[in-house]
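Sharing a model prediction with you, sequence too.
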Amino acid sequence: MRTIVVGTRQSQLALTQTGQVINALKQICELQALPFQFEIRKILTKGDQILDVTLSKVGGKGLFVKEIEQAMMDKEIDLAVHSMKDMPSELPEGLMTGAVPRRVDPRDALISRVGTTLDELPQGAKVGTSSLRRASQLKAYRPDLHIESIRGNIDSRLRKLETEGFDAIILAAAGLYRMGWEDRITSFLPVDICLPAVGQGALGIECREEDEEVRHLLSLYNDPDTAATVAAERSFLGSLNGGCQVPIGAFASLHNKEWGDETPEGGIRLTGMVGSPDGTVILKETASGERPHELGEQVAEMLRSRGAEEILSEVRG
Ligand SMILES: NCc1[nH]cc(CCC(=O)O)c1CC(=O)O
């Protein structure tokens, strides 16, 4: 019996979602009579050591995955579970995404002490988020709000909501669901007001390209619909040279049969946005197509032709 070693960050969210993935993989092993057992190996990443520094100031790209990928290339671990939105768009040589499991709720959530929804927040309310993407879209919708930086893991942000005088904070619904803390959500931000981060709500499971056994196991856990929609979003981000610390949002969905859905059968519909951090400019475009990679590039090009590069280069300084 082979022991598959699973590497993970040490945050509560990382440990929880790694445990959930291992449980799902164990179930698959049982059903398919595959001879694998699992072991968890905790890894301290740079991103976790400097959680109190604004990540955009220290070059956020890949800060949470680098050490884990090194351990995988050194064969200290065989598999790693990442939040898709923390994964850099390019994987190192020899590593691959073996599975993208079914996505959970991609929306951002409002956790508020002074009114249930965004519309109900009082004039000038103090809202905590360190995401330029969230700040940009919130300011565009409610210019009166005071957006202030808040950092740390999900649990420490929930604590800071009380201790640091925020009226509300914004967090990804997905992380709260995975932790079982969804009762803290007072409302959801609709995607037409606040486009989520690329890949938000999805996980990516990374493995070595040459590891056929793990690849086979992961292929049984992959959700092709999620993989295709997230691939379109990531192509869009990569095409704009994105990373996670830029005011870029995107959301892709598959054709569904509801009335008014203009997406062609079997197609993907992708909306992408680039905004100025103060919310005075929001560029947003939507297109549909069947090939995720081309679709991502197409929406990026539509935004570039409207001046997206200028906004982004200003942000990057
Ligand atoms: N930015 C950190 C981060 N990375 C992944 C999640 C959880 C949501 C997800 O898996 O998409 C979060 C927390 C948040 O943004 O509120």
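Cool, the structure landed.

how about Leu270, secondary structure?
For Leu270, the assignment made with DSSP: H, G, I helix; E, B strand; the rest coil gives strand.

Could you list the contact residues of the stretch 1-150 of the chain toward the ligand?
Ser83, Lys85, Asp86 (CB under 6 Å from any ligand atom). In this view, the C-beta of every residue, glycine as well, is placed from N, C-alpha and C.

Ranking by neighbours, what's the top pick from those?
Counting neighbours by other CB atoms under 10 Å, Ser83 comes out on top of these with 25 neighbours.

in the stretch 51-200 of the chain, what spans have low per-residue confidence?
For the stretch 51-200 of the chain, the stretches with pLDDT under 70 are 51-62.

Would you map the helices across it?
Along the stretch 51-200 of the chain, counting by DSSP state H, counting those that start in this stretch, helices occupy 66-73, 132-141, 154-163, 173-179.

For the last one, give me every contacting residue.
Yep, that's helix 173-179 we're talking about. The contact list for helix 173-179 (CB atoms under 8 Å, 6 or more residues apart in numbering) reads 12-13, 16-17, 20, 83, 104-109, 154-155, 182, 184-185, 188, 200-201.

so what's the nearest residue to Gly165 once chain neighbours are set aside up against?
Take Gly165 and drop its neighbours on the chain: the residue closest to it by CB to CB, 6 or more residues apart in numbering is Lys126, 6.6 Å away. Taking CB under 8 Å, 6+ apart, we find Lys126 in contact with Leu145, His146, Glu148, Gly165, Phe166, Asp167, Ala168.

Out of those, which is nearest to the ligand?
Proximity of those to the ligand (CB to the nearest ligand atom) peaks at Ala168, which lies at 13.5 Å.

Please verify my assumption that that closest one contacts Thr116.
No - taking contacts as CB atoms under 8 Å, Ala168 lies outside contact range of Thr116: 9.9 Å.

between the two, what contacts are shared?
Thr186.

Give me the more crowded residue out of the two.
Ala168 (25 against 13).

who's in contact with that one?
With CB under 8 Å, 6+ apart, Ala168 has these contacts: 110-115, 121, 125-128, 161, 186.

Out of those residues, list just those in strands.
Leu110, Ile111, Ser112, Lys126, Val127, Gly128 (DSSP state E).

Show me the domain layout of this protein.
Per automatic domain parsing, the structural domains of the chain span 2-101+202-222, 108-188, 229-316.

tell me the average confidence for the last one?
Going back to what we said before, that points to domain 229-316. Across domain 229-316, pLDDT averages out at 90.

Please tabulate the residues of the stretch 1-150 of the chain next to the ligand in TSV, including the columns distance to Asp278.
Formatted as TSV, those follow (distance: CB to CB, whole Å):
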residue	distance to Asp278
Ser83	27
Lys85	23
Asp86	26
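
which one of the residues you listed is nearest Gln137?
Lys85 (15.6 Å; CB to CB).

No more questions from me, cheers.
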